[in-house]
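Peer 1: everything below, folded, please.
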Amino acid sequence: MSSAEGGGPQQRLTPEIEEDLRAPLDIDHLGAFAQATAHDLAVHRRARELVAPMADELAAAWHTADYPVHLVQQVAEAGLITDGVEVPGMERLSPLAAGFVALEISRVDGSLAAACAVQGGLALRAVADLGSPVQREQYLRRLATGELLGAFALTEPDHGSDSVALATTARRDGDGWTLNGQKKWIGNGSGGGVTVVWARDDDGAVRGFLVDQQAPGYSAVPITQKGALRGIHQSLITLDECRVPDEALLPGARSFADAAAVLIATRVNVGWSALGHAVALFETALRYARSRVQFGRPLGAQQMVQERLAQMLESITSMQLQAAAVARAQEAGTMTPTQASMLKYHNTRAARRVAQIARDMLGGNGILLEHGAIQHVADIEALHTYEGTESMQALLLGRELTGVSAFGWAGS
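Peer 2: I've put the predicted structure just below:
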């Protein structure tokens, strides 16, 4: 451990550092968000004021691997969980405002951000975009307000990135359907709410179903021993002759492309979430560099430290510019799937770089849960993987660039 940045009797933390390493600094070096409206900024402020007081409880939940569902419901009750989805009778968040919410929640806690993304970005959006008028009437507001927990079950134990190889089946059974198969890594999958289950029907078409988690044949157990996103329960779901009525079928879900369309929007949310984690780490490292005294001078007076801060600022500024550009494209209705892929691809990779530098700058204190850095480092690893891995996003971009798909390429 470095004598300059690690443990040792000569090291100390100033009262300012002891007081708060995670206070917001709101650095926007190139004015990426300069065009934010008063409404966008008000939503951002509301998210911060709501979530900041939750920090200690969220940190404790991450440490003990508990899921504080009531905090997810508080975010929903404040109208901040919809991720830009339009819900009758509720305030619509602009793409930029929705991004600010994801950023701010992630700056405090990645598990809460993931839970909100599942609830609003996946379950709520699936019903809004693919559901019938009756289904939207029955579920939208309840999901948007947190009255009902929602899950989105696509990933399977043997089909992660290769999600198109869906093995779960939906068999026509009189006036309903019988579902069989397993799903894995499903947030909110065991909370007693409703799950959007993706399965192949008798003709091989991909269909979506709204399945009550209390339905016979539906069982779910939380996955344990996670090293990231420990404050949200992600479940292994087993569907064993699980029968649902015909009214459970989402009429707009007729192919894998319909499931993918929901994921595209959520990919943008992941890009914003990665930015939130990176901002938290950068602000922690910057405050630490300004306040920590080593060899009689602030750590930030070291040339090496200043260079590292500049490297992090460069990454975060690029992340901000891409997030803002994608938000503008969303608002204009021109965003393409590969623009969402680029944001996810770039921002999770950049967040990893920031995490490595920031954690190292904090030395031994960087691995202490009380300072938050190591938790962000771990949660960024989950972000880097879900909603399409780095490799899958690269292949999507590569297909657009070359006109040739490399998915399942066998040389023929």
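
Peer 1: which stretch of helix or strand covers Glu137?
Peer 2: helix 133-144 (DSSP states H and E).

Peer 1: what are the contacting residues of that helix?
Peer 2: Where contact means C-beta atoms under 8 Å, 6 or more residues apart in numbering, the residues beyond helix 133-144 that reach it are 76, 79, 81-82, 85, 87-90, 119-120, 123-124, 127-128, 131, 147-148, 150, 194, 210, 247, 250. Every C-beta, even on glycine, is put in place using the N, C-alpha and C of the backbone.

Peer 1: now the next helix or strand after that helix: average pLDDT?
Peer 2: Helices and strands here follow DSSP H and E; after helix 133-144, the next one along the chain is strand 150-153. Mean per-residue pLDDT for strand 150-153: 97.

Peer 1: what helices and strands are in contact with strand 150-153?
Peer 2: On a contact count with 3 or more C-beta pairs under 8 Å, 6 or more residues apart in numbering; DSSP states H and E, strand 150-153 meets strand 176-187, strand 194-200.

Peer 1: what's the angle from the helix holding Glu137 to strand 194-200?
Peer 2: Using axes from the mean of the first three to the mean of the last three C-alpha atoms, to 10 degrees, the direction of helix 133-144 lies 130 degrees away from that of strand 194-200.

Peer 1: quick check: buried residues in helix 133-144?
Peer 2: For helix 133-144, a neighbour-count test (16 or more other C-beta atoms under 10 Å) marks 135-136, 138-144 as buried.

Peer 1: now the residues you listed as JSON lines including pLDDT and distance to Asn347?
Peer 2: Shown next, in JSON lines, are the buried residues of helix 133-144 (pLDDT from 0 to 100; distance: C-beta to C-beta, whole Å):
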{"residue": "Gln135", "pLDDT": "98", "distance to Asn347": "33"}
{"residue": "Arg136", "pLDDT": "97", "distance to Asn347": "31"}
{"residue": "Gln138", "pLDDT": "97", "distance to Asn347": "35"}
{"residue": "Tyr139", "pLDDT": "97", "distance to Asn347": "30"}
{"residue": "Leu140", "pLDDT": "97", "distance to Asn347": "29"}
{"residue": "Arg141", "pLDDT": "97", "distance to Asn347": "31"}
{"residue": "Arg142", "pLDDT": "97", "distance to Asn347": "31"}
{"residue": "Leu143", "pLDDT": "97", "distance to Asn347": "26"}
{"residue": "Ala144", "pLDDT": "97", "distance to Asn347": "26"}
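
Peer 1: and which of the residues you listed is nearest to Gly99?
Peer 2: Ala144 (17.8 Å; C-beta to C-beta).

Peer 1: apart from its chain neighbours, what residue comes closest to that closest one?
Peer 2: Spatial nearest neighbour of Ala144, excluding adjacent residues (C-beta to C-beta, 6 or more residues apart in numbering): Val87 at 4.5 Å.

Peer 1: quick one: secondary structure of the one you found?
Peer 2: coil (DSSP: H, G, I helix; E, B strand; the rest coil).

Peer 1: what is the burial count for the nearest residue to Gly176 once chain neighbours are set aside?
Peer 2: In space, and not counting its chain neighbours, Gly176 is closest to Pro245: 4.7 Å by C-beta to C-beta, 6+ apart. Per other C-beta atoms under 10 Å, the neighbour tally for Pro245 reads 13.

Peer 1: wait, what's in contact with Pro245?
Peer 2: Contacts of Pro245 (C-beta under 8 Å, 6+ apart): 175-177.

Peer 1: distance of the residue lying closest to Arg292 once chain neighbours are set aside relative to Gly364?
Peer 2: In this structure, Arg292 finds its nearest non-sequential neighbour in Leu299, 4.4 Å apart by C-beta to C-beta, 6+ apart. According to C-beta to C-beta, to the nearest Å, Leu299 and Gly364 sit 13 Å apart.
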